[in-house]
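K.L.:
sequence unavailable; structure follows:
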C-alpha cells in the first residue's frame, strides 16, 4: 500500500492480492477519474470506512477522510512519520477543500466512530492512520462533536494505561523470535506507541484549549516520563517525547497556562528536564532526534518571555552539556539540527560564557560519554572535548574555568586513545594535541605516554589516522619544542625509508588477491568505523561494531606515508607565520627531503601510487611553509623528475596522476609558472603543457546544468529556522 498521496492510495486498491471486492475496486476507479464530483468522492471515502473487512480498505478510507478534513480546516498534524514531516496536507484535494459543513461533519462523525473502534487494531498501519485522524477531527473544533471527542480522549487514555499495566505481550505466535526465544525490542508492545501518537495529535489540534477541558494529572505525566526514559521500545520513547512537545506548544500559546513551563517546580517542567536529560543521550538516533526537537521547542517557548521569568540557570547544567555534544553526533540530522538550535538560543558566536560558567557539568558529562558503550558517542565526546581545549583553552578570560578539569579530561582522552574503533582513536589523538597546546604544563606529566601513542598512530592502517597523528604531534611540538624536536627528527630518519622493506607484489597479483573468492568466503564480517568483527561484544563492556582487538598487520609503506604527513607539520612550524618557531636549517632538513623523494620512487608494490599521491598532495603545503625563495633555491629541483614521471606514466593510478597535476599547478602559482616550466627539459615541458591543458579543460565549480550528483537544483529544500537565515556567514560552531 502506498499512502504518499490520495491518488496512489486509490491506485493501490486494484493491485492487492488476493483481490479486493469488485464493488470497492470500482469505487476506487470512479474516485480516481472523477475527483471534482465532491459528493461522490466523499461517499466513496465513507463506503471504505463502512465496508472494511480487509485492513487495506479501512486504511485507505481513514487516510482519505483524514486528508479531506485536513484540507478543509487547513490544519497540520504532529510528525508521526518523523521530525522532518510537518503536515499531512497532500495538496491534491483542492477541489474538495471547499466541503460543505454538513459533509465535513459527516466525515468527522464517521472518523470518530472508526477511530474509537480501531485504536488497538492489530495492523500497525491502521493504528498510525487513526492517530493522524484524531488530530484532523479535533482541529475542526466543533461543539457538536464535543461529547464524542471526550469519549475518544478517554478511550485513548484508557487504552494507554491498560497497555502500560499489561506490559509486553510475549505469548502471541505472530511475533518472530530469535533462536534464544527472545523478542526484539520493537515487538510485543501492541498499541502503546500509537496511543501516544493519538494523544499528541489530540493536544496539537486542541492547542491551549486542551488545558481548559483536561487536567494534566500526575498519573499521566508519570506514565509519559516512564515511556520516554525507561521503556525498552525506541518508538514508544519517541512517541512519548512528541506528546510532551505538544504540551509545551499548548502552554506557549496561552498566557494563562504559561506557568506550567516557566515555574521551575512545575510538574510539567520537571518532567521535561528529566526526559531531556536522558533522551538527548539516547543510544538510538531516532529518539535523540525527537529529544532535540523537544529541546528546541522548550527553548523557543522560554525565549518568548523576559529573561527574569525564564529561570534557565537551573536547567543549564543539565541541558548545555548534552546540547553541546549533540553538535558532534554521528547522525547528520541530529548534528545539524543541534547546531541550528544552538544558534537560535545563543546567536552567532554565542554560548561561550554559558559553557564556561557550567564547565564542571560539561566536563563531567563529556568524561562519562568518553566511556559510553556506543562508539559514535565516544567519537562525538572526543570532538567535543577538543572544542573545549580550542575555544576555552585559548580564551583570555575563560581558560581558567577549564583548567581544574584538564587532568580529568586528559585521562578520558587517553582511555579513548586505546579504543578499538579507529574514528574514536583518531578524534582522541587530535584532542590530546590540542590540550597539550592549550595547557602545556598540566599535560606535561602525560607526555611520554602521549608521545608513544602518537608515534604508534603515525603508522596506523588508516590514512586519516596517520595524518591526524601528525597534526597532533605538530600541536605538541609547539608546546614542547625541546622535548619533541630531536625525537621526531630521529623518527623521520628511521621510518622514512620503511617503504623499501615493503614486500614486492605486482598490480596483477594485488588485483587477483583482492578478487579471490576463496580468500573472502566464510570469513569474519567487519563493520564501518572499526576493524572489529560485526556485532561482537567484547573489551571493556563495549557494544556494536567497535568491540574487538582484531586488526590486520601494518604495512611497511604506511610508516613512510605517515612520515610525509609529519614532515609537512614540522616544516610548517618553521614558517614565518608561527609565533613559536622551531628552527630547522637546511643542513638538517635537506637530507630528510632527499630521502623522502627517493623512497617515493619505489614501484615494487601496488600501493606505491598511493604513497606518491600523498607526497604530491602535501608538497605544496611544504613549499609554501618554506617560502618561495628558499623552496625555489634549494628544494624545487628535487621533485621535478618524480612529478613528471608520474604525469607521463601509463601505469600510474588516476588519483596519483591527478595529484601530480594539481601539485604542478600549485607549485607554478607559488614560484611562477614560467620559472617552474623553465626548470624542465624539453620532453618534460611537453608533458607539463599537456597536463596543464587537461586541467584547464576540467569543469570549474559545481555543476549547474545537466546531471549533478546532488540531484536536480532546488530538490533539497532548506530546513534552516528563520531566526538563523538572518545570520550571514555563520560557521555553525558557536560554543
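P.N.:
Perfect, I can see it now. Note that the structure is a prediction, hence the values are computed from the model and not measured. Numbering: from 1, shown residues only.
K.L.:
low-confidence ranges, the chain, go.
P.N.:
Applying pLDDT under 70 to the chain picks out residues 35-38, 75-98, 168-189, 519-552, 575-582, 701-735.
K.L.:
surely residue 651 and residue 508 touch.
P.N.:
No - Residue 651 is beyond contact range of residue 508, at 11.1 Å (criterion: CB atoms under 8 Å). Where C-beta positions appear, they are placed from N, C-alpha and C, glycine not excepted.
K.L.:
what's the local residue count around residue 427?
P.N.:
Neighbourhood size, residue 427 [other CB atoms under 10 Å]: 27.
K.L.:
can you tell me the closest non-neighbouring residue to it?
P.N.:
Leaving aside its chain neighbours, residue 427 sits nearest to residue 382 (3.6 Å; criterion: CB to CB, 6 or more residues apart in numbering).
K.L.:
so that neighbour sits against residue 413, correct?
P.N.:
Yes - assessed by CB under 8 Å, residue 382 is found in contact with residue 413 at 6.5 Å.
K.L.:
shared neighbours, the two?
P.N.:
370, 428, 431 (CB atoms under 8 Å, 6 or more residues apart in numbering).
K.L.:
and the end-to-end length of stretch 206-217?
P.N.:
17 Å (CA to CA, to the nearest Å).
K.L.:
which of the shared contacts of residue 382 and residue 413 fall within helices?
P.N.:
By the criterion of DSSP state H, membership of these in helices covers 428, 431.
K.L.:
next, count neighbours for residue 650.
P.N.:
Using other CB under 10 Å, residue 650 has 5 other residues around it.
K.L.:
hmm, I typed the wrong one, I wanted residue 511.
P.N.:
That count, for residue 511 with other CB under 10 Å as the rule, works out to 11.
K.L.:
got the shared contacts of residue 382 and residue 413 as a markdown table, with neighbour count and distance to residue 556 columns?
P.N.:
Below are those laid out as a markdown table (neighbours: other CB atoms under 10 Å; distance: CB to CB, whole Å):
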| residue | neighbour count | distance to residue 556 |
| --- | --- | --- |
| 370 | 26 | 33 |
| 428 | 30 | 26 |
| 431 | 28 | 29 |
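K.L.:
of the shared contacts of residue 382 and residue 413, closest to residue 27?
P.N.:
Distance to residue 27, by CB to CB, is smallest for residue 370 among the shared contacts of residue 382 and residue 413, at 60.5 Å.
K.L.:
quick one: contacts for that closest one?
P.N.:
So, once contact is read as CB under 8 Å, 6+ apart, residue 370 ends up touching 378, 381-382, 385, 412-413, 415-416.
K.L.:
just send these back as TSV, with neighbour count and distance to residue 231 too.
P.N.:
Below are the contacts of residue 370 laid out as TSV (neighbours: other CB under 10 Å; distance: CB to CB, whole Å):
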residue	neighbour count	distance to residue 231
378	26	25
381	28	25
382	29	30
385	31	31
412	24	30
413	29	34
415	16	31
416	24	30
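K.L.:
so which of those residues belong to helices?
P.N.:
Among the contacts of residue 370, the members falling in helices (DSSP H) are 378, 381-382, 385, 412-413, 415-416.
K.L.:
show me where the stretch 101-250 of the chain has its strands.
P.N.:
Using DSSP state E, counting those that start in this stretch, no strands are found in the stretch 101-250 of the chain.
K.L.:
without its sequence neighbours, what residue ends up closest to residue 405?
P.N.:
Residue nearest to residue 405 in three dimensions, not counting chain neighbours: residue 363, with 4.0 Å by CB to CB, 6+ apart.
K.L.:
same deal with residue 333?
P.N.:
With CB to CB, 6+ apart, the residue lying closest to residue 333 is residue 289, at 5.5 Å.
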